[in-house]
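Engineer: Using only what follows, build the 3D model:
(one chain, ligands or ions: 1)
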Amino acid sequence: MSAAPLFEPGAGAGTVDAVLQARELEVLAHDCEGCRCCSLADGRRTAVVSRGNPRARLMLIGEAPGAQEDEQGLPFVGRSGQLLDRLLESVGLDSNTDAYVCNIVKCRPPENRRPTAQEMAACRPWLERQIQLMDPAVILLVGATAVEGLLGIKGGITKLRGQWSRGEGGSLEGRWLMPIFHPSYLLRHGSLEPESPRWLTGQDLQEVQRRLAQLTAPL
Ligand code: SF4
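Structural biologist: All right, here's what the predicted structure looks like:
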């Protein structure tokens, strides 16, 4: 007879015991540090697992650590991360208290190249575990690589961004998912004109904020 799962996905934050969650996330971070399941282990200074609040209802999943992230051991702390923080702040969200932030792969690819499909697949069990433990109601897929790594959809971020879908199967079951542009793309396209990538991202994040408010509103 199989044991009952520790955590039922889809119910949002608060269903996972805080002490157990903290302990399991600590174990996960330690295990990632020793992981050699793909060749990215060879070039990393440190495995970059997460930052933010594991009790939040919002999870952000990006692509991979860059140089500053590898240096500091924290995701989204370079220029892209700073822009992401400002964009979240503009809709009243703090990336360290209102969100849990991580990446598809935990180790920095050489020359900041995109992680390969094999590397994303090798790292997937760590991400699955993070989703199970954090139990988010809403997941933002930050950039095309996150969409490919999590949903297996290649390309089309321009059309996919801002669109809600409901996760189906496994750790994604029942969760609200939305792709958004990666902040590194927004750094290269800085216009704030209506319909520009940065303006659209502001609209997307307002929609996320509305969804989170609905989810936390009393019935
Ligand atoms: S990227 Fe992921 S799978 Fe590859 S070595 Fe790092 S933790 Fe392991």
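
Engineer: ok, the most centrally placed residue in the chain - contacts?
Structural biologist: With distances taken as CA atoms, centre = their mean, the chain has Ile61 as the residue nearest its mean C-alpha position (1.5 Å). Contact analysis of Ile61 by CB atoms under 8 Å, 6 or more residues apart in numbering lists Cys102, Asn103, Ile104, Leu127, Ile139, Leu140, Leu141, Val142, Ala146, Gly149, Leu150. For every residue, glycine as well, the C-beta is placed using N, CA and C.

Engineer: Report the buried residues of the longest helix seen in the chain.
Structural biologist: As assigned by DSSP state H, the longest helix anywhere in the chain is helix 197-216. Neighbour-count burial for helix 197-216, counted by 16 or more other CB atoms under 10 Å, picks out Pro197, Arg198, Leu200, Thr201, Gly202, Asp204, Leu205, Glu207, Val208, Gln209, Arg211, Leu212.

Engineer: Redo those residues as JSON lines? Include distance to the ligand and pLDDT.
Structural biologist: Formatted as JSON lines, the buried residues of helix 197-216 follow (distance: CB to the nearest ligand atom, whole Å; pLDDT from 0 to 100):
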{"residue": "Pro197", "distance to the ligand": "28", "pLDDT": "98"}
{"residue": "Arg198", "distance to the ligand": "30", "pLDDT": "98"}
{"residue": "Leu200", "distance to the ligand": "30", "pLDDT": "98"}
{"residue": "Thr201", "distance to the ligand": "27", "pLDDT": "98"}
{"residue": "Gly202", "distance to the ligand": "32", "pLDDT": "98"}
{"residue": "Asp204", "distance to the ligand": "28", "pLDDT": "98"}
{"residue": "Leu205", "distance to the ligand": "28", "pLDDT": "98"}
{"residue": "Glu207", "distance to the ligand": "31", "pLDDT": "98"}
{"residue": "Val208", "distance to the ligand": "27", "pLDDT": "98"}
{"residue": "Gln209", "distance to the ligand": "31", "pLDDT": "98"}
{"residue": "Arg211", "distance to the ligand": "30", "pLDDT": "97"}
{"residue": "Leu212", "distance to the ligand": "29", "pLDDT": "97"}
